[in-house]
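Peer 1: Below are the sequence and a predicted model for it; my questions follow.
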Amino acid sequence: MNTYRAMFILSTSLKDEDLKAAMDRVRQEIAGFGGETGAVKVMGKRTFARPMKKRDAGVYVLLWFRLDPANVSALRGRFKLNEDIFRSQVLHLADSEFVADPDPTSTEPDAAGGEASATDSAPAETSPDAAPREQEA
């Protein structure tokens, strides 16, 4: 099985419990294809650069999962049939980038005020012009 990260754009009209239910349905779809789901990170509402299909914003959600590569295209087709999902994108990752879900029943924001139930696995980006950081003794 390969590791993937999917980004979903969901309708802004979904309430918190509806958002959780929509992500539970996505998890069930992945499990139906024999996959394993990982962490869910709710990135929150974001405004689009330009309106798409008469919408100007959406709720962005990241989901890490493992799945047999032969089932990915069928899964993408199932995502297109889900009315709660406005857009989706599935990216192939290295196996080491899989983020396990600390609590598979939770898609709630964490107590520290963040939106995530998982940590962001992407390394911090630095520009080549950035000055090196000094270490304190």
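Peer 2: Cool, the structure landed.
Peer 1: quick one: low-confidence parts of the chain?
Peer 2: Low-confidence regions of the chain, defined by pLDDT under 70, span residues 102-137.
Peer 1: Could you list everything the most centrally placed residue in the chain pairs with in the sheet?
Peer 2: With distances taken as C-alpha atoms, centre = their mean, the chain has Leu62 as the residue nearest its mean C-alpha position (0.8 Å). In this entry, Leu62 is beta-bridged to Met7, Lys41, by DSSP bridges.
Peer 1: Quick check, it in contact with Ala6.
Peer 2: Yes: using C-beta atoms under 8 Å, Leu62 and Ala6 qualify as a contacting pair, with a distance of 7.2 Å. From N, CA and C alone the C-beta is placed, and that goes for glycine too.
Peer 1: quick one: Ser96 from Leu62, how far?
Peer 2: Shown here: Ser96 relative to Leu62, a distance of 17 Å by C-beta to C-beta, to the nearest Å.
Peer 1: quick revisit: list the contacts for the residue nearest to the centre of the chain?
Peer 2: 5-8, 39-41, 43 (C-beta atoms under 8 Å, 6 or more residues apart in numbering).
Peer 1: one more time with 7 Å
Peer 2: 5, 7, 41, 43 (C-beta atoms under 7 Å, 6 or more residues apart in numbering).
Peer 1: all strands of the protein, in order?
Peer 2: Secondary structure of the chain (DSSP state E): strands at 2-10, 36-52, 55-67, 85-93.
Peer 1: Which strands or helices does the longest one pack on?
Peer 2: Think strand 36-52. helix 16-32, strand 55-67 (3 or more C-beta pairs under 7 Å, 6 or more residues apart in numbering; DSSP states H and E).
Peer 1: which of those is buried the deepest?
Peer 2: With neighbours taken as mean count of other C-beta atoms under 10 Å, the helices and strands packed on strand 36-52 reach their highest mean count in strand 55-67, at a mean of 20.
Peer 1: Brilliant, that's me finished.
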